[in-house]
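Student: Below is the sequence, then the predicted model.
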Amino acid sequence: MIEFKRVTEIAATADTVFDIALDIDAHVASMSDSHERAIAGVTRGIIGLGEIVTWHARHFGLPFTMTSRITHLERPRRFVDEQARGPFQSFRHEHVFEASALGTIMSDVVVFAAPLGPFGRIVEWLFLGRYVRKLIDQRNRFLKAAAEQRLIDHQEDAMPDRSEVALDQEGERRLAAQLFNLVWTLLERSDRTQAEDDEMLHAAHASRHHWGQVGEPVHWARGEWQCSRVYAVLRRGEPALHHARRCLELAETNDLGAFDIGCGHEAFARAYLVTGAADAAATHAAEGRTAADSIIEDEDREILLSDIADLQIN
């Protein structure tokens with residue numbers, strides 16, 4: 001028996017990826033190299049719970065026919081297809097869909113056994129396991145491209161005119177501040193779920209967007225700082241560095257003062273720690289302490305120094 005797992009991150013919603021994974025036409029297109037086609041049961045569109053499809057294809061130069069049934073379906077989180085009749089002793093493919101910061105993480109768990117007892121196990125070990133993995137990888141590359149293209153097409157078709165969705169300035173300022181405060185609430189929680197991590201990330205970007213419409217440079221810089229902090233907490237170094245850079249650029253370009261410049265350096269130091277660049281982190285931590293010396297307000301100075309001390313960099 002062979003068991004393996006494949007994980008694919010896709011920039012599309014779970015609903016979109018789920019539907020494409022169940023789409024007979026998409027599967028046929030993904031398996032064009034083996035001339036696979038649906039010849040009985042559900043042969044077009046999306047297959048449902050309890051329904052069957054019979055596939056015909058050529059593998060290793062030989063014709064193969066297999067009938068699969070959808071035995072479990074929980075839209076848009078999970079479905080399972082299993083061999084009802086076919087060349088394997090057993091074949092089970094579980095599809096799981098979870099939300100991620102990018103969009104969706106699609107996991108494939110495949111368990112199968114070749115027929116013919118001991119001889120089948122030798123076949124599994126010699127080449128069948130690698131071959132089935134290759135087919136799943138090929139399918140997943142196609143589904144990823146199809147789902148992401150569908151999202152792009154939908155966005156282009158559905159993109160509204162900004163005037164149709166514009167908030168009044170006071171409402172947008174209030175929304176930006178509420179989102180900013182929501183992110184702080186989530187950052188302070190030590191028991192966040194994956195869904196709450198996603199909410200925190202999206203709220204940080206949404207707050208920064210709305211401040212970009214109605215705020216001042218100080219709001220833009222602090223929005224970038226918060227985005228950097230969220231990415232650092234989520235251990236994603238590259239975007240944490242990007243937003244730290246934007247924070248410091250905005251603070252310096254707009255002469256926002258020592259506090260915001262110091263926060264930019266603190267964000268850089270925290271992001272560099274995530275990437276493992278300890279020397280760069282120490283350099284920016286030192287720059288942040290230097291900026292703190294010029295802060296007039298005691299409370300602001302203590303906030304910045306406390307954040308830098310939290311990094312535990314000498």
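Tutor: It's in.

Student: Could you use CA atoms for every contact and neighbour count after this?
Tutor: OK.

Student: Let me know whether I261 touches A251 as I believe.
Tutor: Yes. Distance between I261 and A251: 5.4 Å, which falls inside the contact criterion (Cα atoms under 8 Å).

Student: What is the end-to-end distance of stretch 50-64?
Tutor: Across its full length, stretch 50-64 reaches 23 Å between end residues, using Cα to Cα, to the nearest Å.

Student: mind listing what's buried in that stretch?
Tutor: Judged by neighbour count using 16 or more other Cα atoms under 10 Å, the buried positions of stretch 50-64 are 52-57.

Student: Also stretch 264-283?
Tutor: Buried positions in stretch 264-283, judged by neighbour count with 16+ other Cα under 10 Å: 264-275, 280-282.

Student: which two from these end up farthest apart in space?
Tutor: When those are compared pair by pair using Cα to Cα, the two farthest from each other are G264 and T275, 16.8 Å apart.

Student: What average pLDDT does stretch 26-34 get?
Tutor: Stretch 26-34 shows a mean pLDDT of 84 in the predicted model.

Student: Any chance you could list what contacts it?
Tutor: Under the criterion Cα atoms under 8 Å, 6 or more residues apart in numbering, residues 20-21, 36-38, 57-59, 135, 138-139, 142-143 lie in contact with stretch 26-34.

Student: check contacts around the residue lying closest to V7 once chain neighbours are set aside.
Tutor: When the adjacent residues along the chain are set aside, V7 lies closest to S107, with 4.5 Å between them (Cα to Cα, 6 or more residues apart in numbering). Under the criterion of Cα under 8 Å, 6+ apart, the neighbours of S107 are 5-8, 95-97.

Student: Quick check: what element follows the host helix or strand of E266 along the chain?
Tutor: Applying DSSP states H and E as the criterion places E266 in helix 258-275. Proceeding C-terminally, helix 258-275 gives way to helix 278-292 as the next helix or strand, assigned by DSSP H and E.

Student: Which neighbouring elements make contact with that following helix?
Tutor: Packing partners of helix 278-292 (3 or more Cα pairs under 8 Å, 6 or more residues apart in numbering; DSSP states H and E): helix 258-275, helix 298-310.

Student: On the three-state scheme, L201 is what?
Tutor: L201 carries the three-state label helix when classified by DSSP: H, G, I helix; E, B strand; the rest coil.

Student: my read: it touches R229, true?
Tutor: No. Between L201 and R229 no contact is recorded; they are 9.8 Å apart, counting by Cα under 8 Å.

Student: Those two: who's more crowded?
Tutor: For L201 versus R229, the count of surrounding residues by other Cα atoms under 10 Å is larger for R229: 26 against 22.

Student: who touches the helix holding E266?
Tutor: In this structure, residues lying in contact with helix 258-275 by Cα under 8 Å, 6+ apart are 218, 221-222, 225, 228-229, 232, 235-238, 240-241, 244-245, 247-248, 251-252, 278, 280-285, 287-292, 294-295, 300-301, 304, 307-308, 311.
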